[in-house]
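In: could you work out the structure for the sequence below:
(one chain, ligands or ions: 1)
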Amino acid sequence: MSTKACIICGYYSSRPFCPSCEERAIKYFDKICLFIKESPKPTVLEVYGETFIPLKVIYGLKDMGLLDIVPGNGRLVVNSQKLAAR
Ligand SMILES: [Zn+2]
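Out: You can find the predicted model right below:
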């Protein structure tokens, strides 16, 4: 596994977020889930525009497998399989 830096704080991490930022990222994720529930099938940019969650965090959550981005139309969907495993 390659050396990576935490998306939020830049601290060394083998995952997209270091453990303390991962907690923050999960809170962002919960906010995204709520947003998707209220406005189904938003694009990544719509989520970003409405929730002000940094794009790099959204992509980090995708790297964690919690979110998927539909190829072609850029819509953000919650990976419910991962959600169930949480
Ligand atoms: Zn961090």
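In: hey, let's count contacts and neighbours off CA atoms from now on
Out: Noted.
In: in the chain, which residue is most central in space?
Out: L61 (2.6 Å; Cα atoms, centre = their mean).
In: OK, contacts around that one?
Out: 16, 25, 29, 67 (Cα atoms under 8 Å, 6 or more residues apart in numbering).
In: mind checking what secondary structure the third one has?
Out: Counting by DSSP: H, G, I helix; E, B strand; the rest coil, the backbone at F29 sits in helix.
In: what's near enough to touch it?
Out: 61, 66.
In: before we move on, what about P19?
Out: No contacts exist for P19 under Cα under 8 Å, 6+ apart.
In: now I69, nearest residue through space, not along the chain?
Out: With Cα to Cα, 6 or more residues apart in numbering as the criterion, I69 has its nearest non-adjacent residue at 4.7 Å, and that residue is L76.
In: let me know the pLDDT of that neighbour.
Out: Per-residue pLDDT puts L76 at 96.
In: how about C6?
Out: So C6 comes in at 96 (pLDDT).
In: repeat that for K82.
Out: For K82, pLDDT reads 67.
In: just S14 next, same as before
Out: Value listed for S14 in the pLDDT field: 89.
In: for it, what are phi and psi?
Out: Dihedral angles of S14 (phi, psi; degrees, to the nearest 10) stand at phi -90, psi -10.
In: burial of it, as a residue count?
Out: Burial of S14 is recorded as 13 neighbouring residues (other Cα atoms under 10 Å).
In: what bridges to the closest residue to it other than its chain neighbours?
Out: Counting by Cα to Cα, 6+ apart, S14 lies nearest to K4, which is 5.8 Å off, once chain neighbours are set aside. Beta-bridge pairing of K4 under DSSP bridges involves S13.
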